[in-house]
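Asker: sequence and predicted model, in that order:
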Amino acid sequence: MKINIYQKLHKAACEAGGVAKGKKVQGMHFNPLLHDEVQKVAMEALLNNGLYPVCTYENQMTDSFILVTCNMKIHDVEDPKQFVEVSGCSAMGNLDKFGTGNGMSYAKKYAYLNALHLKTGLDLEDGYNAKPFSTNKIPQETSGPKHGSESTHVKSVQRIISEIERCQNIYNFRKVVKNNQPFIDTALKNRNVANFTLIDDVIKNKERELNRRT
């Protein structure tokens, strides 16, 4: 009996399970969700069920960052005209030679997460029960203490990224991260996953770069 694309996608989501986060790096207070690991889990589940994703990207350039939006179409290999679309997964990248690639990777990572509702977190034996992604919309501020408007958050994220990128040594880098950690943990961690993850990667990449210099 032939099954339709939604049945295939449902089966893929059930089989995919979850994605374990990476190990913390020096100076980090959280475990990164790595693009390669997300893609590995998602592609295995999709291919095993006769599904193949194709992505197109839209770029929006500003004075301080590039916004990359991923639109993913998951096609039924047996009937390529049948597809499910996951649109609007976005990420910001720096204005350098790595910016567009980083933005594409982040945006595609979230398209995979939302297409299959992948659970994310540490392995269960580490004592963390992962929760599934249930929407492809960036969470907005909810009830509780306010920490400024959404536009203020975007400006703050841009400022933090600029400060981190300007660091020339590991000592200055650690000072900048420490000074901004309260805002990152309080205003972003539970309210804006996309920006929180973006800063996470910027910090991680900058730390690796500086450590290679020492």
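Answerer: Arrived safely.
Asker: how far away from the center of its chain is the biggest helix by length in the chain?
Answerer: If you go by DSSP state H, the chain has its longest helix at helix 193-213. The chain centroid and the centroid of helix 193-213 are separated by 13 Å under CA atoms, centre = their mean, to the nearest Å.
Asker: which strands and helices sit next to it?
Answerer: Contact here means 3 or more CB pairs under 8 Å, 6 or more residues apart in numbering; DSSP states H and E; on that basis helix 193-213 packs against strand 79-93, helix 99-116, helix 150-166, helix 170-183. (C-beta placed from N, C-alpha, C; glycine too.)
Asker: which positions within stretch 157-167 qualify as buried?
Answerer: Within stretch 157-167, the residues scored as buried using 16 or more other CB atoms under 10 Å are V157, Q158, I160, I161, E163, I164, C167.
Asker: residues near the residue lying closest to the last one once chain neighbours are set aside, how many?
Answerer: Excluding its sequence neighbours, the residue lying closest to C167 (CB to CB, 6 or more residues apart in numbering) is F173, at 4.0 Å. Other residues within reach of F173 by the criterion other CB atoms under 10 Å amount to 21.
Asker: could you chop the protein up by domain?
Answerer: 1-137, 138-214 (automatic domain parsing).
Asker: lowest mean pLDDT across these, which one is that?
Answerer: Lowest mean pLDDT within the domains of the chain: domain 138-214, a mean of 70.
Asker: okay, now K2: neighbour count?
Answerer: 6.
Asker: meant to ask about R208
Answerer: 11.
Asker: what's the distance between it and V202?
Answerer: Applying CB to CB, to the nearest Å, the value for R208 to V202 is 11 Å.
Asker: what do you get for K178?
Answerer: 15 Å.
Asker: please apply the same query to N169.
Answerer: 17 Å.
Asker: when the two are compared, which one has more neighbours?
Answerer: A direct count of neighbours by other CB under 10 Å for N169 and V202 places V202 higher, at 20 against 11.
Asker: so the more buried one touches R166, yeah?
Answerer: No - counting by CB atoms under 8 Å, V202 sits too far from R166 to count as a contact (11.8 Å).
Asker: P32 in helix, strand or coil?
Answerer: Secondary structure assignment for P32 (DSSP: H, G, I helix; E, B strand; the rest coil): coil.
Asker: can you tell me how far it sits from G17?
Answerer: In terms of CB to CB, P32 sits 19 Å off from G17.
Asker: excluding chain neighbours, what is closest to the residue sitting nearest the centre point of the chain?
Answerer: By CA atoms, centre = their mean, the chain has its centre lying nearest to Y106, at 4.6 Å. The spatially closest residue to Y106, leaving aside those adjacent along the chain, is A91, at 3.3 Å (CB to CB, 6+ apart).
Asker: so what's the residue count around that neighbour?
Answerer: For A91, the tally of surrounding residues (other CB under 10 Å) stands at 24.
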